[in-house]
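Novice: the sequence isn't on hand, but the structure is:
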């Protein structure tokens, strides 16, 4: 049965989409069958894997509405062994449209029941908010990866996210685990980066992934070519980091 992992943090610019795309691609290279769900109206995970977002007719919006099945929304992409359910700017409207629906937090969970068995991992790229879209992703997920950038305001808002996760565990999804905190945008030359790493590791111990994603120009370039870092430059530091992360995730889930 596939493990559903949400990549979430209500702060923008922490590396959620970069992690979603490159973790999915790295798991694919390691011969795991992966589905990436783009649950962000900005649709950067979709375009980052070479999908023409403007031409998307069936995507996350339709599966949340239950007007189409996940199978109908699934597309092939540039990464081997990775399928994508793409997003579109229309997804902005879903929060308003779901607000009066019964069991609105369970729409994604219900939609994924049929296809969960077909994949080793299902990765959900969440929007930078704690709205209904992210709530649906966390209710559907088995675990959550929280990217934290190695910068000054790194821990700001983390308490709020952890409280949200606790209330989701209590009300909607008692089985939701924290897969791990992932330190991103690390620059070993900066004292601040090293201080953030020390602080996060001291406070959260085993919850923090051993892998740290270093700041890397190639990681920023890859999405503009519609490719993961693995396809774009497999020898780069970014590719090595994400392959290590994928190995860590696989090891953690094979126990």
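Specialist: Arrived safely. The structure displayed is predicted, hence computed values, not measured ones.
Novice: give me the residues contacting stretch 99-109.
Specialist: Applying C-beta atoms under 8 Å, 6 or more residues apart in numbering, the contact partners of stretch 99-109 are 37, 39, 63-66, 98, 110, 124, 132, 135-137, 139-140, 172-173. Heads up, the C-betas are built off the backbone N, CA and C, glycines and all.
Novice: name the nearest residue to residue 53, ignoring sequence neighbours.
Specialist: Distance criterion C-beta to C-beta, 6 or more residues apart in numbering; nearest residue to residue 53, sequence neighbours excluded, is residue 43 at 4.5 Å.
Novice: residue 85 is in contact with the one you found, correct?
Specialist: No. Residue 43 is beyond contact range of residue 85, at 11.2 Å (criterion: C-beta atoms under 8 Å).
Novice: burial measure for the closest residue in space to residue 120 that isn't next to it in sequence, as a count.
Specialist: Nearest non-adjacent residue to residue 120, counting by C-beta to C-beta, 6+ apart: residue 32, 4.0 Å away. For residue 32, the neighbour count with other C-beta atoms under 10 Å is 20.
Novice: returning to that earlier point: give the contact list for the residue nearest to residue 53.
Specialist: Going by C-beta under 8 Å, 6+ apart, residue 43 touches 53, 56, 86-89, 91.
Novice: what subset of those residues is buried?
Specialist: Buried by 16 or more other C-beta atoms under 10 Å: 53, 56, 86-88, 91, out of these.
Novice: which helices and strands does the worst-scoring helix or strand of the chain on mean pLDDT pack with?
Specialist: Taking mean pLDDT, DSSP states H and E as the measure, the helix or strand of the chain with the lowest value is helix 94-98, at a mean of 82. Taking 3 or more C-beta pairs under 8 Å, 6 or more residues apart in numbering; DSSP states H and E as contact, the helices and strands that helix 94-98 lies on are helix 60-65, helix 132-140.
Novice: CSV for those, including mean pLDDT, distance to residue 223 and mean neighbour count?
Specialist: CSV is the format used below for the helices and strands packed on helix 94-98 (pLDDT from 0 to 100; distance: least, C-beta to C-beta, whole Å; neighbours: other C-beta atoms under 10 Å):
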stretch, mean pLDDT, distance to residue 223, mean neighbour count
helix 60-65, 91, 18, 23
helix 132-140, 93, 21, 25
